[in-house]
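A.B. asks: Need coordinates for the below:
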Amino acid sequence: MIGSEEFEIANTKLIVLKNSFESYDDQFERIQSYLSNDPDSAILRITAILEDIFKKIWNQVLQNSEPPSTLFEILQNDSIKQVIPNNILSRIHNLRILGNLSRHSSIDAPASTEDALISIHLLFTVMNWYRSQFFDLPELPEPVQAQLTFREYLKQMFTDYRTLSLILFQAIFCYGLFRYHEYLPSDLEAPFKYTYEGVFTNFGVSSSVFSMIYCMVLILVSSIFAWSIFKEFRKQGYISRIWSFELMFFVVFNGQFIFLAILDPFTVLW
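C.D. replies: Model prediction:
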């Protein structure tokens, strides 16, 4: 699932490139307009820019000869190969592959928006190298995803059915554990029996209601910790965010169990 933040980063990169390479203004604007509705055209525009850049590189490296008509032929030249680092060359080949797939795509198998976003990131890296290598200019700033507020983070996470299903499962698991802990082995049940049951539910509310509230608190605390991780690593994809949430839930759940176990010797008289 592609979120709005991925589009924002890609568009920011296009704006940065447009400001740095004014001769390609029209091309970058077209790429932005094609990004969502016509990924194939966006990728073809990107590869056209890449090909033009390498014709300029050819003219700078091999000044007295006409550049070949295709990017593939340009990259076969030994003099050109010598000026391209391996990490840049791998990105160029990835762009060429995406461009060829878009050029020969059919109605039944068009390029995806994700392919177009990947192409923008690859082009940004290559053009960043080009301006620093041949014009001795500082590298362009790498756009990153803006920090989300906790509310925005929850909104993005909880609008996906997979997240809601996961939270529902965890809530049911916790509720069943807290409500029916008497079925656990005696050693595992003790903290719930004496501390949770004896102290924490002694507030004039039913154990079912308190168990449900306690589950929601655990999920909320886990979400806060997961959001804290997300703020530090803002390039997290959806799966990575889920793993962060799961990891934090595991830590929080085990932390509260240890806390109940520590309190157990002091509450056995309740």
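
A.B. asks: Spell out, range by range, the helices that occur in the stretch 151-270 of the chain.
C.D. replies: 161-179, 186-190, 207-232, 238-267 (DSSP state H, counting those that start in this stretch).

A.B. asks: Which one of those helices lies nearest to F72?
C.D. replies: helix 238-267 (34.8 Å; C-beta to C-beta). The C-beta positions use only the backbone N, C-alpha and C, and glycine is treated the same way.

A.B. asks: quick one: the closest one to chain centroid distance?
C.D. replies: For helix 238-267, the separation from the chain centroid amounts to 25 Å (computed by C-alpha atoms, centre = their mean, to the nearest Å).

A.B. asks: what does stretch 159-175 give?
C.D. replies: A distance of 21 Å separates the centroid of the chain from that of stretch 159-175, by C-alpha atoms, centre = their mean.

A.B. asks: Output it as CSV - backbone C-alpha positions only.
C.D. replies: This file holds the C-alpha atoms of stretch 159-175, laid out as CSV (Å, rounded to 0.1, in the frame of the first residue of the first chain):
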residue,chain,number,x,y,z
THR,A,159,-7.3,3.0,8.5
ASP,A,160,-5.9,-0.3,7.2
TYR,A,161,-7.9,-3.4,7.8
ARG,A,162,-4.8,-5.4,8.5
THR,A,163,-3.9,-3.2,11.4
LEU,A,164,-7.4,-3.2,12.8
SER,A,165,-7.5,-7.0,12.5
LEU,A,166,-4.2,-7.3,14.3
ILE,A,167,-5.2,-5.0,17.2
LEU,A,168,-8.6,-6.8,17.5
PHE,A,169,-6.7,-10.1,17.9
GLN,A,170,-4.4,-8.7,20.5
ALA,A,171,-7.2,-7.1,22.4
ILE,A,172,-9.1,-10.4,22.5
PHE,A,173,-6.0,-12.3,23.5
CYS,A,174,-5.3,-9.9,26.4
TYR,A,175,-8.9,-9.7,27.5
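
A.B. asks: If I look at the spatially closest residue to E51 that is not a sequence neighbour, what pLDDT would I see?
C.D. replies: Closest residue to E51 apart from its sequence neighbours, by C-beta to C-beta, 6 or more residues apart in numbering: L71 at 4.6 Å. As predicted, L71 sits at a pLDDT of 90.

A.B. asks: Likewise for Q147?
C.D. replies: The model reports Q147 with a pLDDT of 59.

A.B. asks: Just the buried residues of stretch 36-51, please?
C.D. replies: Judged by neighbour count using 16 or more other C-beta atoms under 10 Å, the buried positions of stretch 36-51 are 38-47, 49-51.

A.B. asks: In these, find the pair that's most separated.
C.D. replies: Farthest pair in the buried residues of stretch 36-51 (C-beta to C-beta) is D38 and E51. Separation: 19.5 Å.

A.B. asks: pLDDT weak spots in this structure?
C.D. replies: 1-4, 106-108, 144-150, 153-154, 156-158, 190-191, 193-207, 230-238, 264-270 (pLDDT under 70).

A.B. asks: domains of it?
C.D. replies: Domains of the chain are assigned by automatic domain parsing as 4-134, 150-267.

A.B. asks: Report how many residues lie close to L140.
C.D. replies: Neighbourhood size, L140 [other C-beta atoms under 10 Å]: 17.

A.B. asks: And it, how close does it get to I46?
C.D. replies: 16 Å (C-beta to C-beta, to the nearest Å).

A.B. asks: Same question for N11.
C.D. replies: Per C-beta to C-beta, N11 is found 14 Å from I46.

A.B. asks: Equivalent analysis for Q60, please.
C.D. replies: Per C-beta to C-beta, Q60 is found 21 Å from I46.

A.B. asks: go on, L95?
C.D. replies: 7 Å.

A.B. asks: Common neighbours of those two, please.
C.D. replies: 119, 123 (C-beta atoms under 8 Å, 6 or more residues apart in numbering).

A.B. asks: Name the helix or strand for P141, please.
C.D. replies: Using DSSP states H and E, P141 sits in no helix or strand.

A.B. asks: sorry, back to before: and which of the buried residues of stretch 36-51 is nearest to I258?
C.D. replies: Set against I258, the nearest of the buried residues of stretch 36-51 by C-beta to C-beta is P39 (50.0 Å).
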